[in-house]
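In: Below: sequence and its predicted model.
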Amino acid sequence: MIAIVDYGMGNVLSVRHAFEKLGEKVIVTDDQITLREADIIVLPGVGSFQAAMKEIYDRDLYHILIELADKKPFLGICLGMQLLFSEGTEGEATKGLNLIPGTVRKIDTDFILPHVGWNQLTIAHNQPAFTPFEQAFVYFVHTYQAKTDDQYIVAKSSYGEDITAIVRKGHIFGIQFHPEKSAEIGSDIIQTFLNEVKQ
């Protein structure tokens, strides 16, 4: 069973549909017992880093998310990916879940922000499972992005500077773009994540 974490800021219905389309059993919940029973945890999100972390603390989800990420496959999507990192700089500096080292900061570009629309992926050489998505177009909506060490970067895009698009640290994954809005490519990327964590 896949548990999508409901903390009041997620695009939960479209993410749920994306996994159900692949035949997965999905529940949307903020209940700690239910989260512990799940096989895979998905953390979606739309909005600001600071507001999201406040919701996570207010709903008493911070410690359970840290605990589950240590034990279970874990996927952050869009803002959910950004929350995986050590700190966000939107508004005042805010501590993240610190599951992957790095800082979330505003995209450094002269292009219009937010970065909205279809953009191509470049896959890291050491990520064979994701090489079919080299130069694939996926759908982004964001103003901030994660800056992290190359060892965690599965895929990048470009929008005036390199954009961290997919990250991985062991069984913890993050996707900056919206796979649930990226047509069949997005569905295939979700399936690749599932294949990787179910091995």
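Out: Done, it's in.
In: in the chain, which ranges drop under the pLDDT threshold?
Out: Applying pLDDT under 70 to the chain flags no residue at all.
In: try it again with 80
Out: Low-confidence segments of the chain (pLDDT under 80): 10, 199.
In: With just CA atoms, put stretch 46-55 into PDB.
Out: What follows is stretch 46-55, C-alpha atoms only, in PDB (Å, rounded to 0.1, in the frame of the first residue of the first chain):
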ATOM      1  CA  VAL A  46       2.200  22.900  -3.500                       C
ATOM      2  CA  GLY A  47       3.000  26.200  -1.800                       C
ATOM      3  CA  SER A  48       5.800  27.600   0.300                       C
ATOM      4  CA  PHE A  49       8.500  25.700   2.200                       C
ATOM      5  CA  GLN A  50       8.000  27.600   5.400                       C
ATOM      6  CA  ALA A  51       4.200  27.100   5.500                       C
ATOM      7  CA  ALA A  52       4.600  23.400   4.600                       C
ATOM      8  CA  MET A  53       7.000  22.800   7.500                       C
ATOM      9  CA  LYS A  54       4.600  24.600   9.900                       C
ATOM     10  CA  GLU A  55       1.800  22.300   8.800                       C
END
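In: Would you mind pulling the contact partners of the longest helix along the chain?
Out: Longest helix of the chain, by residue count under DSSP state H: helix 183-197. Identification of contacts with helix 183-197 by Cβ atoms under 8 Å, 6 or more residues apart in numbering yields 18-19, 21-22, 24, 40, 73, 75, 129-130, 132-133, 136-139, 166, 171, 173, 175, 177-180, 182. Heads up, the C-betas are built off the backbone N, CA and C, glycines and all.
In: Kindly write the ChimeraX command that selects the buried subset of those residues.
Out: Entered in ChimeraX, the line below selects the buried ones among these, by 16 or more other Cβ atoms under 10 Å:
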select :18,19,24,40,73,75,130,133,136,137,138,139,166,171,173,175,177,178,179,180,182
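In: Mind checking which of the contacts of helix 183-197 land in strands?
Out: Using DSSP state E, the members of those that fall in strands are 40, 75, 137-139, 166, 173, 175.
In: Thanks again, I'm all set now.
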